[in-house]
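Q: got a structure for you, letters missing:
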């Protein structure tokens, strides 16, 4: 059987936007997304179950989807559920956690939310650093990198231009979706989407960005001073991460984009922050630890299957 992967049918909402649930009036509490009369959802579930029947996996790592986790459990497959940050104590998340053999959190336990139940914490393997590896790049001493990711609104080029004008001795580079202003100062560049954002992060002197797992992981891996502006996301994912970063002293966390006149002082403040807290949020051996941990869970599943046979 081809083990290179399978393509899954598109199950996105017909409206084109998903903000954490499908707004269905008769959806079970144990699911986030279960729209009725959606051909893509039917085809996706059928293809996953058909693959399970043929491949007979000893373990499935489920990336975020509560529905796939429940489907795999119904198909008698042990799961490791990848848990993102945020307030995820709703019934759907809790049942996905309950049904999993173990939970993997790609962030440090210091970024955990107060509302996470003890039994979820005890079941969770916290391992910061698996999302991004540090890139060996020479730092550009005067570069500010502004990072915008998927899932939110494009960056406001006018506000960024105002900040760049207030800091003429810094070279500003913006990656990700952002709307460039008509009047762009000479020290500001909009690069759009880039293939290797972690390399861009490694080369910059200071990073400005949201609190998504990918950005935070790459910034901690590259050991860069970080001005964090959490964006609005389902389950308060970025807000929770921002609170953790602030409490830990690993980033300068702001509620909104500041006016231009504040940026020179912000750069001074973030450069004065000690590096030790952010370094503690990255484990360079994370990938190896996760591989060994998953192997142990797969072995347990194989032994259990042999006993049952």
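A: Great, that's in hand. Everything numeric here is computed off the predicted structure, so don't read it as measured data.

Q: any chance you could map the helices in the protein?
A: 39-55, 66-74, 91-99, 118-123, 157-166, 197-203, 213-222, 237-248, 263-272, 276-280, 286-308 (DSSP state H).

Q: Out of those helices, name the one with the poorest average pLDDT.
A: Note on the helices of the chain: helix 286-308 shows the lowest mean pLDDT, a mean of 86.

Q: Going by neighbour count, list what's buried in it.
A: Neighbour-count burial for helix 286-308, counted by 16 or more other Cβ atoms under 10 Å, picks out 286, 290, 294, 297-298, 301. All C-beta spots, glycine's among them, are computed from the backbone N, C-alpha and C.

Q: nearest spatial neighbour of residue 247, skipping sequence neighbours?
A: Nearest non-adjacent residue to residue 247, counting by Cβ to Cβ, 6 or more residues apart in numbering: residue 110, 7.6 Å away.

Q: repeat for residue 282
A: Residue 282 sits nearest to residue 220 (Cβ to Cβ, 6+ apart), 4.1 Å away.

Q: burial count for the one you found?
A: 28 (other Cβ atoms under 10 Å).

Q: what's the answer for residue 91, then?
A: The number of residues near residue 91, taken as other Cβ under 10 Å, comes to 13.

Q: Excluding residues flanking it in the chain, which one is nearest it?
A: Residue 91 sits nearest to residue 29 (Cβ to Cβ, 6+ apart), 4.0 Å away.

Q: That neighbour contacts residue 92, correct?
A: Yes - applying Cβ atoms under 8 Å as the test, residue 29 and residue 92 come out as touching, 6.6 Å apart.

Q: what about those two, which has more around it?
A: Neighbours per residue (other Cβ under 10 Å) separate residue 29 from residue 92, with residue 92 holding more: 22 against 10.

Q: check contacts around that one.
A: 29-32, 66 (Cβ atoms under 8 Å, 6 or more residues apart in numbering).

Q: Could you list the domains of the protein?
A: Per automatic domain parsing, the domain ranges recorded for the chain read 39-128+286-308, 143-280.

Q: Poorly predicted segments of the stretch 1-150 of the chain, please.
A: 1-4, 14-24, 131-136 (pLDDT under 70).

Q: the strands in it, which residues?
A: Applying DSSP state E, counting those that start in this stretch to the stretch 1-150 of the chain gives strands spanning 60-63, 79-82, 102-105, 124-126, 143-147.

Q: Is it possible to get JSON lines of those that adds distance to residue 267 and mean neighbour count?
A: Formatted as JSON lines, those follow (distance: least, Cβ to Cβ, whole Å; neighbours: other Cβ atoms under 10 Å):
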{"stretch": "strand 60-63", "distance to residue 267": "36", "mean neighbour count": "19"}
{"stretch": "strand 79-82", "distance to residue 267": "35", "mean neighbour count": "23"}
{"stretch": "strand 102-105", "distance to residue 267": "32", "mean neighbour count": "21"}
{"stretch": "strand 124-126", "distance to residue 267": "31", "mean neighbour count": "18"}
{"stretch": "strand 143-147", "distance to residue 267": "8", "mean neighbour count": "23"}
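
Q: Ok, which of those strands comes nearest residue 227?
A: strand 143-147 (8.9 Å; Cβ to Cβ).

Q: by how many degrees do that closest one and helix 263-272 diverge?
A: 100 degrees (axes from the mean of the first three to the mean of the last three Cα atoms, to 10 degrees).

Q: Partner strands of strand 143-147 and their direction?
A: strand 171-175 (parallel), strand 206-209 (parallel) (DSSP bridges).

Q: and among the ones you listed, the most buried is which?
A: strand 206-209 (a mean of 25; mean count of other Cβ atoms under 10 Å).

Q: How far away from the center of its chain is it?
A: 16 Å (Cα atoms, centre = their mean, to the nearest Å).

Q: Ok, stretch 172-186 next?
A: So, by Cα atoms, centre = their mean, the centroid of stretch 172-186 is 24 Å from its chain's centroid.
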